[in-house]
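Undergrad: Let me see the structure of the following:
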Amino acid sequence: MAKNDSGMIAAKQGSQRTKTRFPGVYSRKIINKRTGKPDTAFDICYRDEKGKFRWELIGYASDGVNAAFANQKRGATLDCISRGEKPKRQAAADSGMTFAQGWALYEEKWLLPNVSKPHNEQGRYRLYLQDSLGHRRLDAITSLDLEGIKTAMLRKGLSPATVRLTLGNVRRVYRKLASWGMYSGAIPTDGLVLPKIDNERTRYLSEDEALRLLDAVKARSRTWHDIAFLSLHTGMRKGEIVALRGEHLDFAAGRILVKDAKTGSRIVHMTPDVRNLLETIRPASLSEYVFRPRNGGRERIKPDADESFVRAVADCGLNDGITDRRHKVVFHTLRHTYCSWLAISGVPLFTIGELVGHKTVEMTKRYSHLCPDAKQEAAARIGALMRQARDRREAEAATADHGSSASGIRCTS
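TA: Reported below is the predicted structural model:
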């Protein structure tokens with residue numbers, strides 16, 4: 001290839017390669033065959049492990065590729081050659097696939113067949129990823145790009161949880177494509193620091209609020225009253241309750257078997273009130289669900305069909321004037337109330353964690369502030385022990401002094 005006066009190198013395609021500020025990296029003005037629009041291609045040149053001069057297309061500006069990225073690719077190639085290895089040429093799937101194409105494949109092959117509510121991920125893709133990443137080539141997206149998306153979302157006032165879920169979607173797309181052999185490059189979420197989530201709920205119901213809420217739910221739906229009653233009296237999650245079948249109720253032993261919970265199966269103990277309730281609603285067969293839809297179907301009631309509970313909360317005015325979602329009463333507040341009442345009653349935190357199936361000790365520690373008297377009592381015991389030890393020592397010293405005095409009197413006489 002001949003170099004002309006303008007520093008350009010003629011390419012076989014009829015376009016000309018222009019030097020960039022990076023050695024061995026060139027750009028070309030082209031018409032992108034895929035889009036039909038003007039574009040810029042970036043090529044690198046090098047001598048391979050056999051000394052043969054090679055040109056390699058790295059990608060297009062429309063896919064997010066730039067000269068700096070091409071330079072990184074050239075550096076990785078030269079590193080392989082310096083070690084005597086054959087450079088790994090990009091697979092066709094890597095070089096042509098954009099994030100939008102990767103997302104479409106992920107959506108079709110995994111998201112829709114395996115996720116019960118795919119619209120959540122689909123919505124996050126459309127709102128936060130499609131415009132910024134959709135046109136970009138998979139291997140051209142970097143951790144710095146995702147840092148920009150994270151910062152922009154937080155500045156818009158989106159919650160850290162939403163940011164984590166969105167970037168988690170990106171990670172899943174890359175990992176699924178890699179597991180299918182459709183992508184072999186770096187995963188840009190690796191090493192990315194995600195924002196911390198502070199969604200810890202501190203509000204729990206008073207006895208009066210709990211009674212009013214149960215009455216309000218009962219006025220709207222007997223089924224959801226019973227579900228709420230069980231959660232308040234056992235600390236069970238909503239999903240665990242609606243998944244109960246007749247075979248999970250052991251009235252002889254007074255136990256409920258919670259199967260396939262978040263932290264595995266566990267045993268929940270029936271209180272007399274819980275036993276009375278379950279005996280009135282126990283299904284006819286062991287395989288039937290305890291809670292079923294009003295239409296009499298054999299399927300279980302859906303966990304998200306809790307409109308009666310939501311309206312009952314509004315009827316009681318429990319969320320009036322509250323803007324922080326962490327302080328609002330939701331169904332999970334019943335489980336939180338159960339744990340809080342146990343802590344106030346002096347039940348050890350370890351026991352509380354065992355009863356409700358907490359995954360980590362840290363989850364149970366959030367209730368430690370509710371038992372300050374127990375802490376104060378424990379601290380006071382140290383003082384009491386020290387006082388007792390001091391009293392014993394003083395008593396022993398007094399006894400020794402008395403013995404010495406008596407001995408001296410006898411010697412004088």
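Undergrad: Phi first, then psi, for the nearest residue to V65 once chain neighbours are set aside.
TA: Computed as Cβ to Cβ, 6 or more residues apart in numbering, the closest residue to V65 that is not its neighbour in sequence is G59, at 3.4 Å. The way it works is simple: take the backbone N, C-alpha and C, and place the C-beta from them, glycine included. The phi/psi pair for G59 (degrees, to the nearest 10) reads phi 160, psi -170.
Undergrad: Okay, and the beta partners of G59?
TA: F42 (DSSP bridges).
Undergrad: Return the residues in contact with it.
TA: A41, F42, V65, F69, A70, S95, R137, D139, A140 (Cβ atoms under 8 Å, 6 or more residues apart in numbering).
Undergrad: Point out where the stretch 101-250 of the chain drops to low pLDDT.
TA: The stretch 101-250 of the chain contains residues with pLDDT under 70 at 198-201.
Undergrad: just the helices in it please.
TA: Here the stretch 101-250 of the chain has its helices, by DSSP state H, counting those that start in this stretch, at 112-114, 119-124, 130-133, 143-155, 160-179, 207-220, 222-234, 238-242.
Undergrad: related to what we said a few turns ago, next, give me the two most distant ones among the contacts of G59.
TA: A41 and D139 (15.3 Å; Cβ to Cβ).
Undergrad: got the CA positions of stretch 44-53 in CSV?
TA: Extracted as CSV, the C-alpha positions of stretch 44-53 are listed here (Å, rounded to 0.1, in the frame of the first residue of the first chain):
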residue,chain,number,x,y,z
ILE,A,44,-4.9,-2.0,13.5
CYS,A,45,-1.7,-3.3,11.8
TYR,A,46,1.0,-5.5,13.2
ARG,A,47,3.3,-8.4,12.3
ASP,A,48,2.1,-11.8,13.5
GLU,A,49,4.0,-14.5,15.2
LYS,A,50,5.4,-15.6,11.8
GLY,A,51,6.5,-12.0,10.9
LYS,A,52,3.7,-11.6,8.4
PHE,A,53,2.2,-8.1,8.1
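Undergrad: Could you check how far it is from the centre of its chain?
TA: How far stretch 44-53 lies from its chain's middle: 46 Å, per Cα atoms, centre = their mean, to the nearest Å.
Undergrad: Can you pull out the residues in contact with it?
TA: 24-26, 54-56, 58, 70-71, 73-74, 77-78, 81, 84-87.
Undergrad: rerun that using 7 Å as the cut-off
TA: 24-25, 54-56, 58, 70, 73-74, 77-78, 81, 84, 86-87 (Cβ atoms under 7 Å, 6 or more residues apart in numbering).
Undergrad: What would I type in ChimeraX if I wanted to highlight the buried members of those residues and nothing else?
TA: To isolate the buried members of the contacts of stretch 44-53 in ChimeraX, using 16 or more other Cβ atoms under 10 Å:
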select :24,25,56,58,70,73,74,77,81,87
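Undergrad: nearest to Y367, of the helices of the stretch 101-250 of the chain?
TA: helix 222-234 (15.8 Å).
Undergrad: Between helix 207-220 and the closest one, find me the angle.
TA: 160 degrees (axes from the mean of the first three to the mean of the last three Cα atoms, to 10 degrees).
Undergrad: buried stuff in helix 222-234?
TA: Quick answer for helix 222-234 (16+ other Cβ under 10 Å): T223, W224, H225, D226, I227, A228, F229, L230, S231, L232, H233, T234.
Undergrad: Which residues are in contact with the last one?
TA: So that's T234. V268, V274 are the contacts of T234 under Cβ under 7 Å, 6+ apart.
Undergrad: The fifth one too?
TA: Taking Cβ under 7 Å, 6+ apart as the contact definition, I227 lies against K238, I241, V242, F291.
Undergrad: Dump these to a markdown table, plus neighbour count and distance to L277.
TA: Converted to a markdown table, the contacts of I227 look like this (neighbours: other Cβ atoms under 10 Å; distance: Cβ to Cβ, whole Å):
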| residue | neighbour count | distance to L277 |
| --- | --- | --- |
| K238 | 21 | 16 |
| I241 | 24 | 12 |
| V242 | 21 | 15 |
| F291 | 18 | 12 |
